[in-house]
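Peer 1: here is a sequence with its predicted model. Questions after.
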Amino acid sequence: LRFALYHLVTSPLFDFSSSCVVIANVGVMACNRWRLRDEEPQVYAVYLFMSSVFDYVFYAEAALKLSAFGVAYFRDKWCRFEFVLVCTTLIEDVFTFVFSIPSMVVRLVRVLRVFRILRLFRASRDMR
């Protein structure tokens, strides 16, 4: 199973799919604005739903890579960076659910996600 997962997560299609998800996530994040929840509650509901979908996709990606690479997953700086993002997102989701922390605090943590797009620059540099 680990061998199959390794081939899955190292395939060009998986990498391309991950890049598309990152771009889509940044696009959705760009749709958020001040007072969106108050002024356009339906749009805000879609935004929250899509953010949750991206959370679960990134959780799955990290779990697949961790299963495929084992501890070698942590040798790659980008994997470590994404793992930290996934963990902070998970902590953010738990704290939001359990403690109802203000959305501004959550928004600060979500800004870190934008840095995922840096992975796309690395991928384009590797293609040269």
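Peer 2: Yes, it's here.

Peer 1: flag every buried residue along the longest helix seen in the chain.
Peer 2: In the chain, taking DSSP state H as the definition, the longest helix is helix 41-69. Neighbour counts over helix 41-69 (16 or more other Cβ atoms under 10 Å) mark 44, 47, 50-51, 54-55, 57-58, 61-62, 65-66, 68-69 as buried. Using the backbone N, CA and C atoms, a C-beta is placed for each residue, glycine as well.

Peer 1: farthest pair in those residues?
Peer 2: Tyr44 and Phe69 (37.2 Å; Cβ to Cβ).

Peer 1: where's the nearest residue to Phe74 once chain neighbours are set aside relative to Phe69, distance?
Peer 2: Nearest residue to Phe74, sequence neighbours excluded (Cβ to Cβ, 6 or more residues apart in numbering): Arg80, at 5.7 Å. Relative to Phe69, Arg80 is positioned 12 Å away (Cβ to Cβ, to the nearest Å).
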